[in-house]
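**Q** return a 3D structure for these sequence lines:
(4 chains)
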Number of protein chains: 4
Amino acid sequence: MPTGRAEAFSDGVFAIAITLLVLSLVVSGHGTLTSQLLAAWPRYFAYVVSFLTIGIMWMNHHTILAHVQRVDRPFLVINLLLLMGIVAIPFPTALVADNLTGTGANAHAAAVTYGLVMIAISLGFAGLWIYVVTHAAALGAAMPPEALRQSIPGFTGGLIAYVAATLIAAYVNAVAAVIIFGLLAVYYLFEHLPSPAEDGPRPGDEGTVP
Amino acid sequence: MPTGRAEAFSDGVFAIAITLLVLSLVVSGHGTLTSQLLAAWPRYFAYVVSFLTIGIMWMNHHTILAHVQRVDRPFLVINLLLLMGIVAIPFPTALVADNLTGTGANAHAAAVTYGLVMIAISLGFAGLWIYVVTHAAALGAAMPPEALRQSIPGFTGGLIAYVAATLIAAYVNAVAAVIIFGLLAVYYLFEHLPSPAEDGPRPGDEGTVP
Amino acid sequence: MPTGRAEAFSDGVFAIAITLLVLSLVVSGHGTLTSQLLAAWPRYFAYVVSFLTIGIMWMNHHTILAHVQRVDRPFLVINLLLLMGIVAIPFPTALVADNLTGTGANAHAAAVTYGLVMIAISLGFAGLWIYVVTHAAALGAAMPPEALRQSIPGFTGGLIAYVAATLIAAYVNAVAAVIIFGLLAVYYLFEHLPSPAEDGPRPGDEGTVP
Amino acid sequence: MPTGRAEAFSDGVFAIAITLLVLSLVVSGHGTLTSQLLAAWPRYFAYVVSFLTIGIMWMNHHTILAHVQRVDRPFLVINLLLLMGIVAIPFPTALVADNLTGTGANAHAAAVTYGLVMIAISLGFAGLWIYVVTHAAALGAAMPPEALRQSIPGFTGGLIAYVAATLIAAYVNAVAAVIIFGLLAVYYLFEHLPSPAEDGPRPGDEGTVP
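**A** Okay, here's the model as predicted:
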């Protein structure tokens, strides 16, 4: 199967998951609307963190797919498991939005759930990337061996950071953990996988892979 | 009409239906958030089963469409009826998530509803496949006669399995039935229709059919 | 602007609107789940009618777009107004689902609202089609004059039928009116605009218009 | 990265955000359904204003992307921040729909929130456009210097108008402010960025940029 089909489906899933985050933006409670809007700050906070996170994950997903010319059944299955984590993100986002200013135990539980979903997604990305690197020829990837070595620290670092933030969520401070989740998203905005699209301008290149 | 349009629309519907499954991930009830999260296990279970099911159905839908070069009105109508079943999946998923640990009768009713939707979708897939095979020339399909024969056991088997699981849901055990629905999805991950995309690598093939 | 962009956006909107119909599939009330599921028949009925209606509208939208090679600002504005009606369909669908078996006055109000949205959409389709026919050269359409004449009875007939069904909804019987809305969708499955894609097989045609 | 990928993702986000607006179309309260439907006029009003606004923003987003041949990381990050504002639109839309006929203070707060989101989006559009103009060569844009000068009044004017309407929402009249938001959308239907697609008919142009 050419990559176009898998990319279009994945793009759709990413786009819908990121847009469904707006459903966690609600106000409730008593008092004037202004006071309700101000009290809802954990909702805006969780919205921004999850929006940036899904956005960055979308970019990295494309970087992975840009390395291959076609995909096979195992690739699609790993991709599906990865998407199962991405689609779930609005759930812990709503948990954090609902509980971050609640009792300590509930705030911890919400942030830990958020972290566990992030860890699962990190493992999904690692699995997809390892599959691409180890099946480069079958997938039509022009993948030099150093690409794998270059990318190992980045993946290991991201996974370790999410585990550390989840431990902070469990034992230290839930708000601090969510701030770290946000900083990780910002970090991945600037630091990322080697991309075939960065070799230089390629006029006339519309959606195909080199 | 070329297949591109029908594929893009179908892909969108699959992507949205699979993403809306997250809406059944909610917590409710009394007690700490941790205890609520643990008590919500039927929701995660139903989410995973339905996610894998829709994902596999998306792959098989593509395999069918990859055989044809163009689609006609009857094809689009059958496809629309099939999608009407796919889109409905979040409904029985939410029923199962809400009722699997409830009273026995409600758990049975939820699992039976799930099974009836799966049976309807199986019939839709069978109808689409039979239409493709019997109108191969008009749809521009390079379909050898043995393809039809090869695929009959797979379709019949899947339909029989869904009917059997629905009977188990009705008369034996609702949880067991949902586990079987999940196993059927995993089974179809590895066993599937003959695919024109498996003839070997086709460099330069982007979204067209052979 | 080439048509591809407008088609992709419209396809996305159609696909999401049709998938959001599942949100009107809920059960509520007292009694066993089985009795609730049986009592929810107006929801399944409204779901099927609206699903077929949006699906057929998607097909007809494509038929219109298949006639042109590019779109301009006025076309996009008319198209946006048309989509504003399509996107609204889940609202009267939920009204019908909630009220069809309620008090007579509420059932009438729900069915009339449904009809008014359908009339608005019919006017939107007529507007888009008239714009295409009257600006055929600017849009790059190979539109013979007889195409317009052929299509006038179909459009007028559909609009009159929706007005008649809305009057029936208001003054006669709400259930009968919803059945007519469903029959109209089935009718348009088989009767439709002249399509450039029906001139015969065009191998190698992927998403372009002749 | 070629523009196709970023366009498809952005299109999906726009299409979903515009379709989710239907979720603010609900009726509630006491009395007959007819009286509830009539009392819900602020919901239809907010729906129309936000629908036109997102639709116009989609058109302008395409006009910007039509100028470039490829996108880079900074472009994608600015685009992501812009989409974060677009996706949020259903939230202030629901606030306006819920509160426009409520107590004065709540109506003001809802309309001000709407305005703040619009101002944020205007800044996002300005940022994206400035980035394109200042990195025209790297993005493969054939951007004459006068394009920037031509577009400055339009952007400045739009931003000033949204700020003015937000001040009106805060200190004068909430309904008047929402009407102005609607008129701004209608204004941008007819007045817009210089578009490379307007140079004349380009037969055979399908989705590529000049």
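
**Q** got the contact list for residue A:100?
**A** Residues near residue A:100 by C-beta atoms under 8 Å, 6 or more residues apart in numbering or on different chains: A:42, A:45, A:46, A:107, A:110, A:111, A:174, A:175, A:178. Backbone N, C-alpha and C define where each C-beta goes, glycine included.

**Q** would you turn the residues you listed into JSON lines with secondary structure, neighbour count and distance to residue B:67?
**A** Output for the contacts of residue A:100, formatted as JSON lines (DSSP: H, G, I helix; E, B strand; the rest coil; neighbours: other C-beta atoms under 10 Å in any protein chain shown; distance: C-beta to C-beta, whole Å):
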{"residue": "A:42", "secondary structure": "helix", "neighbour count": "21", "distance to residue B:67": "51"}
{"residue": "A:45", "secondary structure": "helix", "neighbour count": "17", "distance to residue B:67": "49"}
{"residue": "A:46", "secondary structure": "helix", "neighbour count": "28", "distance to residue B:67": "45"}
{"residue": "A:107", "secondary structure": "helix", "neighbour count": "24", "distance to residue B:67": "53"}
{"residue": "A:110", "secondary structure": "helix", "neighbour count": "30", "distance to residue B:67": "47"}
{"residue": "A:111", "secondary structure": "helix", "neighbour count": "29", "distance to residue B:67": "48"}
{"residue": "A:174", "secondary structure": "helix", "neighbour count": "26", "distance to residue B:67": "52"}
{"residue": "A:175", "secondary structure": "helix", "neighbour count": "16", "distance to residue B:67": "54"}
{"residue": "A:178", "secondary structure": "helix", "neighbour count": "26", "distance to residue B:67": "48"}
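
**Q** tell me the one of those nearest residue A:94?
**A** residue A:46 (7.8 Å; C-beta to C-beta).

**Q** I'd guessed the closest one sits against residue A:24; true?
**A** Yes: between residue A:46 and residue A:24 there is a contact under C-beta atoms under 8 Å: 6.5 Å.

**Q** what sits closest to whatever residue of chain A ends up closest to chain D if chain neighbours are left out?
**A** Chain A approaches chain D most closely through residue A:15 (3.2 Å), counting by C-beta to the nearest C-beta. Closest residue to residue A:15 in three dimensions, ignoring its sequence neighbours and counting by C-beta to C-beta, 6 or more residues apart in numbering or on different chains: residue D:12, at 3.2 Å.

**Q** state whether that neighbour is indeed within a helix.
**A** Yes: secondary structure assignment places residue D:12 in a helix (DSSP: H, G, I helix; E, B strand; the rest coil).

**Q** helices along chain A, start to end?
**A** Applying DSSP state H to chain A gives helices spanning A:3-20, A:33-39, A:41-65, A:73-88, A:90-99, A:104-134, A:145-171, A:174-190.

**Q** using CSV, lay out these together with mean pLDDT.
**A** CSV is the format used below for the helices of chain A (pLDDT from 0 to 100):
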stretch, mean pLDDT
helix A:3-20, 88
helix A:33-39, 89
helix A:41-65, 90
helix A:73-88, 92
helix A:90-99, 92
helix A:104-134, 90
helix A:145-171, 80
helix A:174-190, 87
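
**Q** give the contact list for the residue positioned nearest the centre of chain A.
**A** Centroid check for chain A by C-alpha atoms, centre = their mean gives residue A:57 as the closest residue, at 3.8 Å. Residue A:57 makes contact with A:14, A:86, A:121, A:125, according to C-beta under 8 Å, 6+ apart.

**Q** from those residues, list just the buried residues.
**A** A:14, A:86, A:121, A:125 (16 or more other C-beta atoms under 10 Å in any protein chain shown).

**Q** quick check: the first one touching residue A:58?
**A** The reference is to residue A:14. Yes: counting by C-beta under 8 Å, residue A:58 is a contact partner of residue A:14 at 4.4 Å.

**Q** surely residue A:168 meets residue A:180?
**A** Yes: using C-beta under 8 Å, residue A:168 is in contact with residue A:180, at 6.7 Å.

**Q** what do residue A:14 and residue A:58 both touch?
**A** What both residue A:14 and residue A:58 touch, as defined by C-beta under 8 Å, 6+ apart, is the set residue D:9.

**Q** for chain B, see how far away residue A:60 is.
**A** 19 Å (C-beta to the nearest C-beta, to the nearest Å).

**Q** who in chain A is up against chain C?
**A** Counting by C-beta under 8 Å from any C-beta of the partner chain, the residues of chain A lying close to chain C are residue A:16.

**Q** how about the residues of chain A near chain B?
**A** Within chain A, the positions adjacent to chain B are A:1-5, A:8-9, A:12-13, A:16-17, A:20, A:23, A:69-70, A:73, A:76-77, A:80, A:83-84, A:87-88, A:90-91, A:94-95, A:99, A:102, A:105-106, A:109-110, A:113, A:138, A:140, A:207-208 by C-beta under 8 Å from any C-beta.

**Q** near residue A:137, how many other residues are there?
**A** Residue A:137: 10 surrounding residues under other C-beta atoms under 10 Å in any protein chain shown.

**Q** whoops, I mixed them up, residue A:37
**A** Neighbours of residue A:37 (other C-beta under 10 Å): 19.

**Q** who's in contact with it?
**A** Residue A:37 touches A:27, D:109, D:113, counting by C-beta under 8 Å, 6+ apart.

**Q** next, count neighbours for the last one.
**A** Taking other C-beta under 10 Å as the criterion, the count of residues near residue D:113 is 23.

**Q** that one and residue D:177: what is the separation?
**A** Noted for residue D:113: a distance of 11 Å to residue D:177, by C-beta to C-beta, to the nearest Å.

**Q** now do stretch A:34-45: distance from first to last residue.
**A** 17 Å (C-alpha to C-alpha, to the nearest Å).

**Q** list the buried residues in it.
**A** For stretch A:34-45, the neighbour count (16+ other C-beta under 10 Å) marks A:36, A:37, A:40, A:42, A:43, A:45 as buried.

**Q** how much space separates the second one from residue D:133?
**A** Per C-beta to C-beta, residue A:37 is found 36 Å from residue D:133.

**Q** same thing with the fourth one?
**A** Taking C-beta to C-beta as the measure, residue A:42 falls 38 Å from residue D:133.

**Q** ditto for residue A:161
**A** Between residue A:161 and residue D:133 the computed distance is 36 Å (C-beta to C-beta).

**Q** before we move on, what about residue A:95?
**A** Taking C-beta to C-beta as the measure, residue A:95 and residue D:133 are separated by 42 Å.

**Q** higher neighbour count, these two?
**A** A direct count of neighbours by other C-beta under 10 Å for residue A:95 and residue D:133 places residue A:95 higher, at 27 against 19.

**Q** contact partners for that one?
**A** A:109, A:110, A:113, A:114, B:27, B:33.

**Q** would a markdown table of those residues with distance to residue C:157 be doable?
**A** As requested, these are exported to a markdown table (distance: C-beta to C-beta, whole Å):
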| residue | distance to residue C:157 |
| --- | --- |
| A:109 | 60 |
| A:110 | 56 |
| A:113 | 56 |
| A:114 | 55 |
| B:27 | 52 |
| B:33 | 58 |
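
**Q** run a quick neighbour tally on whatever residue of chain A ends up closest to chain B.
**A** Taking C-beta to the nearest C-beta, chain B has its nearest neighbour within chain A at residue A:12, 3.2 Å off. By other C-beta under 10 Å, the residues close to residue A:12 number 27.

**Q** do the same with residue A:142
**A** With other C-beta under 10 Å as criterion, residue A:142 counts 13.

**Q** how close does it sit to residue A:67?
**A** Counting by C-beta to C-beta - residue A:142 and residue A:67 are separated by 8 Å.

**Q** which residues do residue A:46 and residue A:24 both contact?
**A** What both residue A:46 and residue A:24 touch, as defined by C-beta under 8 Å, 6+ apart, is the set A:93, A:94, A:97.

**Q** could you export these as CSV, including neighbour count and distance to residue B:53?
**A** Formatted as CSV, these follow (neighbours: other C-beta atoms under 10 Å in any protein chain shown; distance: C-beta to C-beta, whole Å):
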residue, neighbour count, distance to residue B:53
A:93, 28, 24
A:94, 23, 24
A:97, 24, 29
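
**Q** which one of those residues is nearest residue B:189?
**A** residue A:93 (28.6 Å).
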